[in-house]
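Q: The following comprises the amino acid sequence and a computationally predicted model.
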Amino acid sequence: MKDFMQQHTILIVGCGDVGSKLGEQLLQQGHKVFGLRRNINQLPSGIQGISADLTQLDDLKAKLQNYQFDIIVYSAAASEHTPEGYQRAYVDGLNNTLNALVQKPSHLFFTSSSGVYHQNDSSWVDEESPCHPGTFSGQIMLQAEQAVQMAEIPSTVVRFTGIYGPGRNHLLNRVKRGDVAPKNPDQYSNRIHRDDCAGVLNHLINKVFNKEDIKALYLATDDTPATMYEVTHWMAKQMQTEIKTETASRRAGSKRCSNERLKESGYEFIYPGFKEGYTDLLEACPHAD
Ligand SMILES: NC(=O)c1ccc[n+]([C@@H]2O[C@H](COP(=O)([O-])OP(=O)(O)OC[C@H]3O[C@@H](n4cnc5c(N)ncnc54)[C@H](OP(=O)(O)O)[C@@H]3O)[C@@H](O)[C@H]2O)c1
């Protein structure tokens, strides 16, 4: 009981959309939360900002020298979709953070992506599936996952599928313009609401606090992989949009991601499927944009 009530200190590195939501949840549970990013004025109140650039080791060392953290969540995202941008955000930034710490945390979490899977035949993938990504983004993310494993700290990688939620209206806006996905070829897409991303991390962090076993890898996605055809046609119906064009997504890959391991760990989704999540978003913001 004492451990359960104990206050812990958590550093969220790259404290953006998911990190800020997670930070708010941890604050509510009575923990001390630090958020590291370049623009700390964008952090929610209560999260203590550490303004630093992950690409600058000396800067990081100077900013982190007086702190010790129980848990580190590394959830930085690349600012540029280039090999250099990915290398800086996911591999160099992670290694710099680990090198700058004065003391190792008891657990490191790293947010990765289902982009590490190469499967393109609509098959199911899970944590045991092979990963041979053909894209630079998947390859660099896999390198970052390997750096996490080599860090000699108890660690967990959480692979998110496509994150949607407040402010991420790209798909809704496309459908609002009357553009949907064609029926053929089948293209399965997988997603998770931003609040569930934070919820999953919070759930796993609390398992560490409670000294329960957690795995080194989780695939975090909702219950219902769905084809882009199904998703976009459902959205068009909800928004009563007249369908004008059909555009096949440029995104490569069609796979179905399984959340079985995550659910076995006891996580209960706030938004188990895209219909629940997007219904909420449409109610909050019926005209998207
Ligand atoms: N979007 C998706 O669909 C998707 C899918 C799978 C996995 N993911 C992963 O999920 C995680 C969380 O995503 P998110 O949506 O919360 O990302 P986000 O809102 O873009 O937050 C990422 C944060 O990283 C910080 N950052 C970037 N470069 C930095 C640097 N050089 N130094 C310090 N901070 C830096 C940014 O803050 P400043 O600009 O203020 O520095 C930003 O707040 C990321 O790891 C992302 O790669 C995303």
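A: Now that the structure is in, tell me what you want to look at.

Q: Residue numbers of the protein in contact with the ligand?
A: Within the chain, the residues that sit near the ligand (Cβ under 6 Å from any ligand atom) are 14-19, 37-39, 53-55, 75-77, 79, 89, 93, 111, 113, 160, 162-163. C-beta coordinates here come from the backbone N, C-alpha and C atoms, glycine included.

Q: which of the residues you listed are buried?
A: The neighbour count (16 or more other Cβ atoms under 10 Å) marks 14-19, 37, 54, 75-77, 89, 93, 111, 113, 160, 162-163 as buried among these.

Q: among the residues of the chain next to the ligand, which are in helices?
A: Judged by DSSP state H, those include 17-19, 93 as members of helices.

Q: Tell me the one of those residues nearest residue 255?
A: When those are compared for distance to residue 255 (Cβ to Cβ), residue 18 wins out at 21.9 Å.

Q: residues contacting the closest one?
A: 75, 111, 160, 163, 194, 197-198, 201 (Cβ atoms under 8 Å, 6 or more residues apart in numbering).

Q: now residue 73: how far from residue 242?
A: Here residue 73 is placed at a distance of 44 Å from residue 242 (Cβ to Cβ, to the nearest Å).

Q: Give me the more crowded residue out of these two.
A: Neighbour count, other Cβ atoms under 10 Å: between residue 73 and residue 242, residue 73 has more, with 31 against 7.

Q: mind checking the backbone torsions on that one?
A: As for residue 73, its main-chain torsions (degrees, to the nearest 10) stand at phi -110, psi 120.

Q: contacting residues around it?
A: 10-13, 19, 22, 109, 111, 201, 205.

Q: Do a quick rundown of the helices in the stretch 101-250 of the chain.
A: 136-149, 170-176, 194-209, 228-238 (DSSP state H, counting those that start in this stretch).

Q: Can you lay out those helices as JSON lines showing mean neighbour count and mean pLDDT?
A: Formatted as JSON lines, those follow (neighbours: other Cβ atoms under 10 Å; pLDDT from 0 to 100):
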{"stretch": "helix 136-149", "mean neighbour count": "19", "mean pLDDT": "98"}
{"stretch": "helix 170-176", "mean neighbour count": "18", "mean pLDDT": "95"}
{"stretch": "helix 194-209", "mean neighbour count": "22", "mean pLDDT": "98"}
{"stretch": "helix 228-238", "mean neighbour count": "19", "mean pLDDT": "96"}
